[in-house]
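Just to be clear, the model below is a prediction. Sequence and coordinates:
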Amino acid sequence: MRHNFYLLFAIFAIALLGIVSFRFTFTWLSSGENDVLESNPSVGKKQKMNTDLRFPEGLKYNQPGVTNSRSDVATLTPWLAPIVWEGTFDLSVIDAIYLQKNVTIAATVFVLGKYVRFLKDFLESAEQNFMVGYRVHYFLFTDRPDEVPIVTLGAGHQLTKIKTASSNRWQEITLRRMEMIEKLIEQQLINEADYIFSLDVDTKFYGHWGAETLADIIAVLHPGYFGTPRPQFPYERRPESVAFIPPEEGDYYYGGAVIGGRTDNVLKLTKTCRIQLDIDRANKIEAAWQEESHLNKYFLYNKPTKVLSPEYLWQDFKPKTSNMKVIRFSQVIKNYAEVRPNP
Ligand SMILES: CC(=O)N[C@H]1[C@@H](OP(=O)(O)OP(=O)(O)OC[C@H]2O[C@@H](n3ccc(=O)[nH]c3=O)[C@H](O)[C@@H]2O)O[C@H](CO)[C@H](O)[C@@H]1O
Ligand SMILES: [Mn+2]
């Protein structure tokens, strides 16, 4: 009898402790540090996404071929991740699968200092080409919220400005994106978005960019080093930096202008890169290409599950090569000395 009483008491105490600690985590998570200026709660809380590739009945589309649709470029990595090129996918098949999932895609864009001048073209061209027909939530990290242009957003698209301090070093601005994206995901997006992309703002969309780019974790091939021998990749080569990659290692050189994937996978990526950037900072070393160097190190040991071809990251000054059937997203020409806060 006495034993039963103690047992009951113990169960009651444990349950109480459980409730208290749950409430504590909940309040801690919901108290965001970011100064959100504009928000539209329509996105709401997410259910866990079903990853099955469900396909609607009765839809007609071309029979898949049995030979490679592109003979001029590699369309698979050695670990069998697709490399996305025009001609390798059937958009009607992709959309039939992904539209019915009703996915929400977050896009983070940093707009600090004079880079605000690139935003109008970026947003207007994004609205024409980026994830049209899908739910998109742009997050603009900016020190100039009043200079954000008014751009009419398509159905299901919304925009939130997050007041963010700038820096007097461009290197600091680009590399701190990792920790800001990490925080935004932890505090908000983990429950709201299925996928997230981080995109450079000094860019323009010229062609379709849709659900063919969705995957667990994606990287983009930097257009400047496509086909370059690996010892000549501009990886960090000093062993003192965590981003160090020896000359005989590395698959591709990935661009820092595009990161993407499932929200939890991108959280892992940004957290790891942020921690490694912190270690370098404590050791007073900054990698050759800031967070891009750390990103390349990350992808060496955590392979991307989908790789985007340079169609998804071109440079306006580069003449189009014959394997480029379409340019979808491209860096505009900029006067570095004029737009950046430091040389
Ligand atoms: C094509 C490509 O892969 N570009 C990468 C490359 O140089 P980039 O020359 O493309 O770097 P960048 O000057 O465009 O800076 C990257 C981004 O940071 C933001 N920004 C930067 C400076 C500033 O004053 N205000 C501001 O808002 C803005 O969103 C910009 O698009 O290397 C950088 C790291 O060193 C980043 O990894 C870039 O993504
Ligand atoms: Mn850029």
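Ah, there it is. Ligands and ions are numbered 1, 2, ... in the order given.

which residue ranges form the helices in this protein?
All helices of the chain, identified by DSSP state H, fall at 2-30, 91-98, 119-129, 170-175, 177-187, 263-282, 290-301, 336-339.

for these, which one sits closest to Gln232?
Among those, helix 290-301 comes nearest to Gln232, with 13.5 Å by Cβ to Cβ. (Each C-beta comes from the backbone N, C-alpha and C, glycine too.)

To ligand 2, which of the helices of the chain lies closest?
Smallest distance to ligand 2 across those (Cβ to the ion): 8.1 Å, for helix 170-175.

which residues in the stretch 101-250 of the chain form strands?
104-111, 135-142, 157-163, 195-199, 203-205, 217-220 (DSSP state E, counting those that start in this stretch).

what's the angle between the first one and strand 135-142?
Okay, so that is strand 104-111. If you take axes from the mean of the first three to the mean of the last three Cα atoms, to 10 degrees, strand 104-111 sits at 20 degrees to strand 135-142.

Please apply the same query to the fourth one.
Compare the direction of strand 195-199 with that of strand 135-142 by the same axes, to 10 degrees and you get 40 degrees.

now the residue of the stretch 151-300 of the chain found nearest ligand 1, nearest residue through space, not along the chain?
At 2.2 Å from ligand 1, Gly256 is the closest residue in the stretch 151-300 of the chain, using Cβ to the nearest ligand atom. Nearest non-adjacent residue to Gly256, counting by Cβ to Cβ, 6 or more residues apart in numbering: Glu292, 3.2 Å away.

so who does the one you found touch?
174, 254-256 (Cβ atoms under 8 Å, 6 or more residues apart in numbering).

Relative to Trp79, how far out is it?
Here the criterion is Cβ to Cβ, to the nearest Å. By it, Glu292 lies 21 Å from Trp79.

Check Pro64 too.
22 Å.

again with Lys183
Where Trp79 is concerned, Lys183 sits at a distance of 31 Å (Cβ to Cβ).

same thing with Gly65?
23 Å.

who has more neighbours, these two?
With neighbours defined as other Cβ atoms under 10 Å, Gly65 and Trp79 compare such that Trp79 has more, 10 against 7.

Check the contact between that one and Asn302; I expect there is one.
No - the pair Trp79 / Asn302 is not scored as a contact, 11.0 Å apart, by Cβ atoms under 8 Å.

what residues does the stretch 101-250 of the chain put near ligand 1?
Residues of the stretch 101-250 of the chain that fall close to ligand 1, judged by Cβ under 6 Å from any ligand atom: 110-113, 115, 170, 173-174, 200-202, 222.

among those residues, which ones are buried?
Neighbour-count burial (16 or more other Cβ atoms under 10 Å) applied to these gives 110-113, 115, 170, 173-174, 200-202, 222.

Present those residues as a markdown table; the columns should include distance to Lys48 and pLDDT.
Shown next, in a markdown table, are those (distance: Cβ to Cβ, whole Å; pLDDT from 0 to 100):
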| residue | distance to Lys48 | pLDDT |
| --- | --- | --- |
| Phe110 | 29 | 98 |
| Val111 | 32 | 98 |
| Leu112 | 34 | 98 |
| Gly113 | 39 | 98 |
| Tyr115 | 36 | 98 |
| Trp170 | 38 | 97 |
| Ile173 | 34 | 98 |
| Thr174 | 33 | 98 |
| Asp200 | 30 | 98 |
| Val201 | 31 | 98 |
| Asp202 | 35 | 98 |
| His222 | 33 | 98 |
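
So which of those residues reach ligand 2?
200, 202 (Cβ under 5 Å from the ion).

for the buried ones among the residues of the stretch 101-250 of the chain next to ligand 1, which one is nearest Ser69?
Closest to Ser69, out of all of these and judged by Cβ to Cβ, is His222, at 23.8 Å.

how deep is the residue nearest to that closest one when sequence neighbours are not counted tucked in, by neighbour count?
With sequence-adjacent residues excluded and distances taken as Cβ to Cβ, 6+ apart, His222 is closest to Gly255, at 3.9 Å. Neighbours of Gly255 under the rule other Cβ under 10 Å: 25.

so Gly255 touches Tyr312, yeah?
No - with contact defined as Cβ under 8 Å, Gly255 does not count as touching Tyr312 (9.0 Å).

tell me, what's touching those two both at once?
Taking Cβ under 8 Å, 6+ apart as the contact rule, Gly255 and Tyr312 both touch Val220.

which residue does this structure bring closest to ligand 2?
Across the chain, no residue is closer to ligand 2 than Asp200, which sits at 3.7 Å (Cβ to the ion).

can you tell me which residues contact the nearest residue to Ile190 once chain neighbours are set aside?
Excluding its sequence neighbours, the residue lying closest to Ile190 (Cβ to Cβ, 6+ apart) is Thr263, at 5.8 Å. Counting by Cβ under 8 Å, 6+ apart, Thr263 touches 106, 185, 189-190, 193-196.
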